[in-house]
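Novice: sequence first, predicted model second:
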Amino acid sequence: LYATEGTAAALERVGLPVTVAPKAGRAGRTTVRLIEEGAVDLIINTPLGQQAYDDQSAMYAAAVRHRVALLTTMSAAQAAVGGIRALRGWQLSVRSLQKHHRKRFAAKG
């Protein structure tokens, strides 16, 4: 789990281990560098303030270029986390839409 400084502090307060990554345009292994290296699978970025908006353009461009999913609202992040949690306990399989509806409506009786 990577996060910029302020977000990392908030995540650590709730017990999540996190590695601090400098914002784009700064020295070190930045958010953009992590995306380019393939170290990032999902970005949650909810910018607050003008400086945050200015910093995000390079990160967004890298996300698009490297096909990394990008969420920009907390409601989208919560929905994604809920979906990931639900999928972890399920065995996934492929079935046609017709079979899906047949099974769904059969269960409702």
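Specialist: Sure, I can see it. Numbering: from 1, shown residues only.

Novice: residue boundaries of the helices in the chain?
Specialist: For the chain, helices defined by DSSP state H occupy the ranges 5-13, 31-36, 50-65, 74-88, 97-108.

Novice: out of those, deepest packed?
Specialist: Per-stretch averages of neighbours, counted by mean count of other C-beta atoms under 10 Å, single out helix 31-36 among those, with a mean of 20. The way it works is simple: take the backbone N, C-alpha and C, and place the C-beta from them, glycine included.

Novice: check the offset of it from the chain's centre.
Specialist: Taking the mean of its C-alpha atoms, helix 31-36 sits 14 Å from the chain's own mean (C-alpha atoms, centre = their mean, to the nearest Å).

Novice: report the rounded mean pLDDT for it.
Specialist: Confidence over helix 31-36, taken as the mean pLDDT, stands at 93.

Novice: okay if I get the helices of the chain as TSV plus distance to residue 24?
Specialist: Shown next, in TSV, are the helices of the chain (distance: least, C-beta to C-beta, whole Å):
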stretch	distance to residue 24
helix 5-13	13
helix 31-36	5
helix 50-65	4
helix 74-88	20
helix 97-108	42
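
Novice: nearest to residue 19, out of these?
Specialist: Residue 19 lies closest to helix 5-13 among these, at 7.7 Å (C-beta to C-beta).

Novice: which residues does that closest one contact?
Specialist: The contact list for helix 5-13 (C-beta atoms under 8 Å, 6 or more residues apart in numbering) reads 1, 3, 18-20, 22.
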